[in-house]
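Engineer: Just a sequence and a predicted model for now, questions to come.
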Amino acid sequence: MDRLLKVGFEHAGYWLIEDNRIAFKLDRFYKDSNVLYAFVVDGEVRYVGKTTTTLSRRFYGYRNPHGRQPTNTKNNANILACLQAGEEVDIYVLPDNGLMHYGSFHLNLASGLEDSIIKTLDPPWNGKPPKEVAQEQEEADLQAPDFPAPTDTFTVKLGTTYYEQGFFNVPKEASDLFGDHKDTLEIYVKDSPEAVLGYMSRKAQSTGAPRIYGRSELATLFQQAYSLGETVIVEVLSSEAIRFT
């Protein structure tokens, strides 16, 4: 682990169990792409990977694997087994600050270091040769996620304020499906694999039900996917993820 820290890896979050499934908490770098990441258990590097898309999208694949993604399936099982055994699974990320160049060309840290790190550290969860793993990860990145079956649904009418400012109120009857004040929430729109990371306020409505803010990113998706005034069904995927259908 010390060798990763020396080259610039930083703690970004951790895995946990939620509703009998693995979930991740990222305090930062969730929108970063073309980065290296590592899963570390009690100080031991268990897995090193690279993503060409954002971390939040890549990790969604680990949460919801299917048969065509054996790396996702294997890591899901490995992470779950560690958590069930009471072990902590931390997430470390090597951010690319864009400062490394060869002449006028930008050098991508993730592409340059992945093979060497995996060969040197030999993390037990990697298994396959680095190039095969990287190819499989990139293919998984490009696929739309298999959204889990919703636990519940409710409807939202996209009036002018919601549509233009990127927030909405959860009805009182759905309030208990969500977490606490200031919790974050992944917001998916239709079949887009990219989530908007929103946050909840339980002080904005007199009922105490959440108001969920996705800001300009969510407003843009609303305007691309729906008409002003349209009533949309919202699927609750977990207490930390929803999907507008």
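Structural biologist: Cool, the structure landed. Residues are numbered from 1 along each chain as shown.

Engineer: Would you point out the helix or strand in the chain whose mean pLDDT is lowest?
Structural biologist: Using mean pLDDT, DSSP states H and E, the weakest-scoring helix or strand in the chain turns out to be strand 101-102, at a mean of 54.

Engineer: give me every residue that touches the residue most central in space within the chain.
Structural biologist: Note on the chain: the residue nearest the mean C-alpha position is Ser56, at 2.2 Å, using CA atoms, centre = their mean. Ser56 makes contact with 26, 30-31, 186, 194-195, 197, according to CB atoms under 8 Å, 6 or more residues apart in numbering. Bear in mind the C-beta positions are built from the backbone N, C-alpha and C, glycine included.

Engineer: so which pair among these is furthest apart in space?
Structural biologist: Pairwise distances across the contacts of Ser56 (CB to CB) peak at 14.3 Å, for the pair Leu26 and Glu194.

Engineer: Which of the two has more residues huddled nearby?
Structural biologist: Counted by other CB atoms under 10 Å, Leu26 and Glu194 do not tie: Leu26 has more neighbours, with 20 against 17.

Engineer: Looking at strand pairing, list the partners for the residue nearest to that one when sequence neighbours are not counted.
Structural biologist: Distance criterion CB to CB, 6 or more residues apart in numbering; nearest residue to Leu26, sequence neighbours excluded, is Gly13 at 4.0 Å. Beta-bridge pairing of Gly13, defined through DSSP bridges, involves Leu26, Ile91.

Engineer: Touching, Gly13 and Ala38? I think so.
Structural biologist: No. With contacts defined as CB atoms under 8 Å, Gly13 does not count as touching Ala38, sitting 11.8 Å away.

Engineer: Quickly list what's touching both of those two.
Structural biologist: Ile91.

Engineer: ranges for the helices of the protein?
Structural biologist: 2-6, 55-63, 70-84, 109-121, 130-142, 160-165, 215-225 (DSSP state H).

Engineer: Give the buried residues for the third one.
Structural biologist: Read it as helix 70-84. Neighbour counts using 16 or more other CB atoms under 10 Å place 71-72, 74-76, 78-80, 82-83 of helix 70-84 among the buried residues.

Engineer: same thing with the first one?
Structural biologist: Of the residues in helix 2-6, those buried under the neighbour-count criterion (16+ other CB under 10 Å) are Leu4.

Engineer: elements contacting it?
Structural biologist: helix 109-121 (3 or more CB pairs under 8 Å, 6 or more residues apart in numbering; DSSP states H and E).

Engineer: returning to that earlier point: could you save the buried residues of helix 70-84 as JSON lines and add columns showing distance to Leu5 and pLDDT?
Structural biologist: Shown next, in JSON lines, are these (distance: CB to CB, whole Å; pLDDT from 0 to 100):
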{"residue": "Thr71", "distance to Leu5": "25", "pLDDT": "84"}
{"residue": "Asn72", "distance to Leu5": "27", "pLDDT": "86"}
{"residue": "Lys74", "distance to Leu5": "26", "pLDDT": "91"}
{"residue": "Asn75", "distance to Leu5": "22", "pLDDT": "93"}
{"residue": "Asn76", "distance to Leu5": "26", "pLDDT": "94"}
{"residue": "Asn78", "distance to Leu5": "22", "pLDDT": "96"}
{"residue": "Ile79", "distance to Leu5": "21", "pLDDT": "97"}
{"residue": "Leu80", "distance to Leu5": "26", "pLDDT": "96"}
{"residue": "Cys82", "distance to Leu5": "21", "pLDDT": "97"}
{"residue": "Leu83", "distance to Leu5": "23", "pLDDT": "96"}
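
Engineer: I'd like these written out as a markdown table, with distance to Gln165 added.
Structural biologist: Below are those laid out as a markdown table (distance: CB to CB, whole Å):
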| residue | distance to Gln165 |
| --- | --- |
| Thr71 | 39 |
| Asn72 | 35 |
| Lys74 | 42 |
| Asn75 | 37 |
| Asn76 | 36 |
| Asn78 | 41 |
| Ile79 | 37 |
| Leu80 | 38 |
| Cys82 | 41 |
| Leu83 | 37 |
